[in-house]
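Enquirer: only geometry, no sequence info:
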Ligand SMILES: Nc1ncnc2c1ncn2[C@@H]1O[C@H](COP(=O)(O)OP(=O)(O)OP(=O)(O)O)[C@@H](O)[C@H]1O
Ligand SMILES: [Mg+2]
């Protein structure tokens, strides 16, 4: 399968503190990669580097054979990589429909248009409805985002990323702060949506090892900014030293 994302010897330092050291790995078509590691291991830093939000201090980041180091999430989304932003872009006063419409419009290069004109655009509204249906949010289209349950907010966040029609989707702890039961239903909706939308690869940062074991095709484990393991789930969970290093120090948050 062809390579979608490649990092080569990526190092990222925040002034003197080195958050990623010599990180090299690939994401190929069809893969579901989980990035795991204790708090502070560098997972979010890696996602920020992969989405072009942070420029690596040294090393290469390539997306579909193009240099993607520091190119920024907007440009990267245009190339086909989208990211769910852990709720930061959910504006509480916007309705569900308006939130998805903003994402659809930005995918169409119309991000500067006013909400009023988005609401009147039949093409955009059709796409909004389709995305909402995939995520079970169709009955909430007119509800203000702030009134959604935590699980529905997570789904809306992920739905907005899907509205960008990405080939690759990155999710940084999409299920944090929701109940175990809700975590599983969010993951099921996400995986079904990815299949339906033709998403070629999913990259997930996740602390919940049950979810990691259930959904990943490969696990990249970070420890103090280095790749400790890059293994299929069976090999990962059969190595007590690796599991202890990653899970042993875990704190949920
Ligand atoms: N902007 C920053 N400036 C300085 N240090 C930072 C910055 N962002 C992150 N760090 C440090 O880099 C290290 C890695 O942080 P990062 O957020 O990537 O970890 P993480 O694996 O995502 O952790 P968590 O599981 O808590 O989300 C941490 O020690 C963190 O304190
Ligand atoms: Mg993090």
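Expert: Looks like it arrived, so ask away. None of the values given here were measured: they were computed from a predicted structure. Ligands and ions are numbered 1, 2, ... in the order given.

Enquirer: Next, the buried residues of the longest helix along the chain.
Expert: In the chain, taking DSSP state H as the definition, the longest helix is helix 180-197. By neighbour count on 16 or more other CB atoms under 10 Å, the buried set for helix 180-197 is 182-184, 186-187, 189-190, 193-194, 197. (Each C-beta comes from the backbone N, C-alpha and C, glycine too.)

Enquirer: domain ranges for the chain?
Expert: Following automatic domain parsing, one gets these domains for the chain: 1-80+167-253, 87-164.

Enquirer: mean pLDDT for the ones you listed: which is lowest?
Expert: With a mean of 84, domain 87-164 has the lowest mean pLDDT of these.

Enquirer: Find the closest residue to ligand 2 in the protein.
Expert: Nearest residue of the chain to ligand 2, counting by CB to the ion: residue 44, 3.2 Å away.

Enquirer: Look up which helix or strand that residue falls in, please.
Expert: helix 43-50 (DSSP states H and E).

Enquirer: for residue 56, same thing?
Expert: Using DSSP H and E, residue 56 sits within no helix or strand.

Enquirer: That one: neighbouring residues, count only.
Expert: 23 (other CB atoms under 10 Å).

Enquirer: Show me which residues of this structure sit near ligand 1.
Expert: 14, 17, 19, 37, 39-45 (CB under 6 Å from any ligand atom).

Enquirer: what would these look like in TSV with neighbour count?
Expert: Below are the residues of the chain next to ligand 1 laid out as TSV (neighbours: other CB atoms under 10 Å):
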residue	neighbour count
14	11
17	8
19	23
37	26
39	11
40	14
41	24
42	24
43	25
44	17
45	21
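
Enquirer: can you give me the strands for the protein?
Expert: Secondary structure of the chain (DSSP state E): strands at 3-14, 17-28, 32-36, 58-63, 66-67, 81-84, 168-172, 201-205, 218-223, 226-231.

Enquirer: separation between the residue of the chain most remote from its centre and residue 101?
Expert: Most distant residue from the mean C-alpha position of the chain: residue 120, 30.0 Å away (CA atoms, centre = their mean). Applying CB to CB, to the nearest Å, the value for residue 120 to residue 101 is 11 Å.

Enquirer: One more: residue 229?
Expert: According to CB to CB, residue 229 and residue 101 sit 41 Å apart.

Enquirer: check contacts around the nearest residue to residue 74 once chain neighbours are set aside.
Expert: Take residue 74 and drop its neighbours on the chain: the residue closest to it by CB to CB, 6 or more residues apart in numbering is residue 106, 7.9 Å away. Applying CB atoms under 8 Å, 6 or more residues apart in numbering to residue 106 gives the contacts 74, 77, 164.

Enquirer: Check residue 44 too.
Expert: Counting by CB under 8 Å, 6+ apart, residue 44 touches 172, 205.

Enquirer: Could I get the full set of helices for the stretch 51-200 of the chain?
Expert: 73-79, 96-107, 115-119, 122-134, 150-162, 180-197 (DSSP state H, counting those that start in this stretch).

Enquirer: outside of the last one, which residues touch it?
Expert: What it means is helix 180-197. Counting by CB under 8 Å, 6+ apart, 32, 134-136, 150-151, 154-155, 158-159, 162, 165, 169, 171, 174-175, 178, 199, 202, 208, 210-211, 214-215 sit against helix 180-197.
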